[in-house]
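**Q** Sequence and computational prediction follow.
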4 protein chains.
Amino acid sequence: MSARGERLSRTQQQARTRQRLLEAAGEVIAEHGLDGATIDDIAARAGYSRGAFYSNFEDKVALLIALSDSRLAAFADVTLPGLLTGTPDEQIAAVARWLAGTEPPLEVLLLVELARQRLQSPERAEELAAAIDRVLVAVEELLTSYDPHGVEVPTEERAAQARATLAAVLGADLLRHLGAGGDARTLELLLAGIDAGVVRGTGSP
Amino acid sequence: MSARGERLSRTQQQARTRQRLLEAAGEVIAEHGLDGATIDDIAARAGYSRGAFYSNFEDKVALLIALSDSRLAAFADVTLPGLLTGTPDEQIAAVARWLAGTEPPLEVLLLVELARQRLQSPERAEELAAAIDRVLVAVEELLTSYDPHGVEVPTEERAAQARATLAAVLGADLLRHLGAGGDARTLELLLAGIDAGVVRGTGSP
Amino acid sequence: MSARGERLSRTQQQARTRQRLLEAAGEVIAEHGLDGATIDDIAARAGYSRGAFYSNFEDKVALLIALSDSRLAAFADVTLPGLLTGTPDEQIAAVARWLAGTEPPLEVLLLVELARQRLQSPERAEELAAAIDRVLVAVEELLTSYDPHGVEVPTEERAAQARATLAAVLGADLLRHLGAGGDARTLELLLAGIDAGVVRGTGSP
Amino acid sequence: MSARGERLSRTQQQARTRQRLLEAAGEVIAEHGLDGATIDDIAARAGYSRGAFYSNFEDKVALLIALSDSRLAAFADVTLPGLLTGTPDEQIAAVARWLAGTEPPLEVLLLVELARQRLQSPERAEELAAAIDRVLVAVEELLTSYDPHGVEVPTEERAAQARATLAAVLGADLLRHLGAGGDARTLELLLAGIDAGVVRGTGSP
DNA sequence: GATGAATGAGCATTCATTCAT
DNA sequence: AATGAATGAATGCTCATTCAT
């Protein structure tokens, strides 16, 4: 009904708006938390009016989910693979570097916010749980398929390793969030056990 | 205007009121998060009116700090020591049992809330940071002085171990909070590395 | 737990607040319609803050229902009986006088608003329907029991007469609301048929 | 820029668009009231975007007036004449049939909405009053010229009869809108008096 | 100390309206 | 003429907090 070029231009425009809103939301939420971040904050930071926000997101919860899908997917797709390259020692160093580089730890914050919202609005719990699951599954799949030692390990054990790794990263990040420091040595200690477990390949020696 | 006996009774009465409010606050915050928990929620759950709340706490932030001091101190003073008794394997089992027993994980929630409030109200950041520190220091002291292997370890390494342990527990608890499971094996993997580090006693093998 | 006088004073205070809010609501709704009337309008007109409104009414719909119960009950209990005294001619004159005296016709407006809200919020339809019913039943009972001619009339016929009378008053009021005039003669024509029917006592001559 | 044939086609197209929007508006307003009906509701129901609405109507009030002119003119031109054919008894039956057939009563709703808007936006009161007047005058003219009994009646008395008839129909329709029933007998009672008045031809016997 | 009516700042959300495409 | 992204005024409602009782 209209030229393709026109449509695409509009579509692209909106995609850019949405992207900017997501970026602004990341910043503002990182600074003030989800409840502390107002729609106006986010929209203004992105250079739009609050109406633009509602043209792109159903409501605040939808934003959180979209942001999670955007940021945490990026974490699972880009950050984590990068961190898991090389020898265990190199990995630890890489994770530590990454931890030190993000301030504040949006990934942990987002996961925590997703969980919080689930408590606060039971009617959207399912939607939020699904968003959490998408992250967890992505991370678990990645870690499960990761094998630096060429040792065959039972699936269930792999899953435990995946969870342990995620817990280690989240825990260290949370500590840093709390201002307690989360340096290389801390992570080394955490990941060393997992790596040892990987080498052993079983839960009980 | 009132008898001496009454005075004492009043004091005790107030202590009981305060205690009940703290307990109710723990429940409600666990269910709805701090922002989702209203003063009315908490007061009603404790069987009082909102006025009773303000007779006992300056405001919501003061409540959070008091609750943190109460709950997290208990965690450091009672729970953690209990968890750290016995051999490393027994410890892991104990921690796993503890993790499984609290639903939802108030300790993590409170730490996260403290950090969140710090972002949301800069004017009270110092107060909140102090509350966080009290917890961290308590845990660190406890863990630092803990030595199941009789091996002498440099202070800095001890601190890293303490942080790692805390990160492991928080991370595992967070995972559980997210519904991802945080079973014994996960923790075993996390704590095994720390224990190994403790045995070795140094950061670099 | 506290002196009776104190409590009563408080209760009375609140009753007065509620009453003033209802009166203000009547005025504002009459002037702007329910949707056009803002909570702030109403509260300010009554000399209170918006919070006072929410201390006394659940929400806007609850206000409408309370106002209806207050005003329309008064209409059924006070106004209508007054109108139905004397001979049919006197009644018509009384009703005409009453019609001319209220500006704008809050009774009709409220009934219409109740019906409108029923359409706009299906989840509260039942509540609103009940409020409408309370009015209709009150009017019907009154009219059904009213008998200026001493003629025995079947119940069903009485009900039809009641409805007809109500329709006449509402219709005439609506016309006046529309600025079409609703003078004594108009009403006389409407009520004459009902009166004739009452005299005849049956639907078919 | 476009062929002549297209121009005509465009004009027809727009007329059809406008017609569809009016029909959709009737449905949506009947269901949700004017304030409850959003432009998007109406446009979507008609199968267009909101932009199409603004290409055809200045704003929401203009739509209401256009809809009134369309629907209520049709009521005055088509429905009412049809209702007023035959003997008084036949008329009553016809009106009752008509009442029972429309659900919900758009005519009453539109008149009420016109009056409501007049209260809510004083700056357009005149425009709205004019729209109301167009309806009232149309109905009054029709009823005034209508004479089933061949009796000469003073103009003023005719006007009163017209108003009474309109009031009867509106009142009965309103009752039905309220769910109170508005059956044939109710209308018969209302219209009987008017008819008697018509026969008598004067206000005072 | 406890109560709860009242306050009022703050915020999410709706929606009529505009305008570039 | 029609589209729909973006605007932003308007408003219902929540809830921490105050204070007279």
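**A** Good, I have the coordinates. Residues are numbered from 1 along each chain as shown, chains lettered A, B, ... in the order given.

**Q** hey, let's count contacts and neighbours off CA atoms from now on
**A** OK.

**Q** Tell me how far stretch A:180-192 lies from the chain's centre.
**A** 19 Å (C-alpha atoms, centre = their mean, to the nearest Å).

**Q** And chain B, is that stretch touching that?
**A** Yes. Counting by C-alpha under 8 Å from any C-alpha of the partner chain, chain B has neighbours in stretch A:180-192: A:180, A:182, A:183, A:185, A:186, A:187, A:189, A:190, A:191, A:192.

**Q** Can you tell me which of the residues you listed end up in helices?
**A** A:185, A:186, A:187, A:189, A:190, A:191, A:192 (DSSP state H).

**Q** and the fifth one, how many neighbours does it have?
**A** When neighbours are counted by other C-alpha atoms under 10 Å in any protein chain shown, residue A:190 registers 34.

**Q** can you check residue A:90 too?
**A** Neighbours of residue A:90 under the rule other C-alpha under 10 Å: 13.

**Q** Check residue A:42 too.
**A** Neighbours of residue A:42 (other C-alpha under 10 Å): 24.

**Q** Please apply the same query to residue A:192.
**A** Neighbours of residue A:192 using other C-alpha under 10 Å come to 23.

**Q** Do I have it right that it meets residue B:191?
**A** No. If you go by C-alpha atoms under 8 Å, residue A:192 and residue B:191 don't touch, sitting 9.3 Å apart.

**Q** Which neighbours do these two have in common?
**A** Counting by C-alpha atoms under 8 Å, 6 or more residues apart in numbering or on different chains, residue A:192 and residue B:191 have no contacts in common.

**Q** same question for stretch A:18-35, mean pLDDT?
**A** Averaging the model's pLDDT scores along stretch A:18-35 yields 91.

**Q** do stretch A:107-119 as well
**A** 84.

**Q** how far away is the residue of chain A found nearest DNA strand F from residue C:66?
**A** Residue nearest to DNA strand F within chain A: residue A:51 (2.8 Å; C-alpha to the nearest atom of the strand). In this view, residue A:51 and residue C:66 are 35 Å apart by C-alpha to C-alpha, to the nearest Å.

**Q** Same check on residue A:29?
**A** Distance from residue A:29 to residue C:66, by C-alpha to C-alpha: 42 Å.

**Q** just residue A:116 next, same as before
**A** From residue A:116 to residue C:66 the distance is 37 Å (C-alpha to C-alpha).

**Q** picking that back up, which one of residue A:29 and residue C:66 is surrounded by more residues?
**A** Remark: of residue A:29 and residue C:66, residue A:29 carries more neighbours, 25 against 15, as counted by other C-alpha under 10 Å.

**Q** Buried residues in the helix or strand where residue A:30 lies, which are they?
**A** Residue A:30 is part of helix A:4-36, with elements assigned from DSSP states H and E. Under the neighbour-count criterion of 16 or more other C-alpha atoms under 10 Å in any protein chain shown, helix A:4-36 has A:17-34, A:36 buried.

**Q** likewise stretch A:50-60?
**A** A:52, A:53, A:56, A:57, A:60.

**Q** okay, now the domains of chain A?
**A** A:1-57, A:59-200 (automatic domain parsing).

**Q** ok, then the element right after the helix holding residue A:30?
**A** Counting by DSSP H and E, the next helix or strand C-terminal to helix A:4-36 is helix A:39-46.

**Q** so what does that next one touch, helix or strand wise?
**A** The elements that helix A:39-46 packs onto, with contact taken as 3 or more C-alpha pairs under 8 Å, 6 or more residues apart in numbering or on different chains; DSSP states H and E, are helix A:4-36, helix A:50-56.

**Q** and the domains of chain A, which one's lowest on average pLDDT?
**A** Taking the mean pLDDT of those, domain A:59-200 comes last: a mean of 79.

**Q** circling back to that earlier point, and of the helices and strands packed on helix A:39-46, who's closest to residue A:84?
**A** helix A:4-36 (24.8 Å; C-alpha to C-alpha).

**Q** So which elements touch that closest one?
**A** Right, helix A:4-36 is packed against helix A:39-46, helix A:50-56, helix A:60-74, helix A:106-120, helix B:106-120 by 3+ C-alpha pairs under 8 Å, 6+ apart.

**Q** now the residue in chain A that chain B sits nearest to, nearest residue through space, not along the chain?
**A** With C-alpha to the nearest C-alpha as the measure, residue A:193 is the residue of chain A nearest to chain B, at 3.3 Å. Excluding the flanking residues, the one nearest residue A:193 by C-alpha to C-alpha, 6 or more residues apart in numbering or on different chains is residue B:193, at 3.3 Å.

**Q** could you measure the one you found against residue A:76, distance?
**A** Distance from residue B:193 to residue A:76, by C-alpha to C-alpha: 24 Å.

**Q** In terms of neighbours, single out the busier of those two.
**A** Applying other C-alpha under 10 Å to residue B:193 and residue A:76 shows that residue B:193 carries more neighbours, namely 25 against 20.

**Q** Against DNA strand E, how distant is the spatially most central residue of chain A?
**A** Residue closest to the mean C-alpha point of chain A, counted by C-alpha atoms, centre = their mean, is residue A:72 at 2.8 Å. Using C-alpha to the nearest atom of the strand, to the nearest Å, residue A:72 is found at 22 Å from DNA strand E.

**Q** Export the ones in helices among the residues of stretch A:180-192 next to chain B as CSV, with columns for distance to DNA strand F.
**A** Below are these laid out as CSV (distance: C-alpha to the nearest atom of the strand, whole Å):
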residue, distance to DNA strand F
A:185, 40
A:186, 37
A:187, 37
A:189, 40
A:190, 38
A:191, 40
A:192, 43
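
**Q** Which of those ranks first by neighbour count?
**A** residue A:190 (34 neighbours).

**Q** Can you give me the distance of that one to residue A:169?
**A** 9 Å.

**Q** Kindly report the same for residue A:81.
**A** In terms of C-alpha to C-alpha, residue A:81 sits 14 Å off from residue A:169.

**Q** When these two are compared, which one has more neighbours?
**A** residue A:169 (23 against 15).

**Q** With distance to residue A:153 added, can I get the helices and strands packed on helix A:4-36 in TSV?
**A** Listed next are the helices and strands packed on helix A:4-36 as TSV, based on distance: least, C-alpha to C-alpha, whole Å:
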stretch	distance to residue A:153
helix A:39-46	46
helix A:50-56	45
helix A:60-74	26
helix A:106-120	28
helix B:106-120	32
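
**Q** Which one of these lies nearest to residue D:43?
**A** So among these, helix A:50-56 is nearest, using C-alpha to C-alpha, at 17.7 Å.
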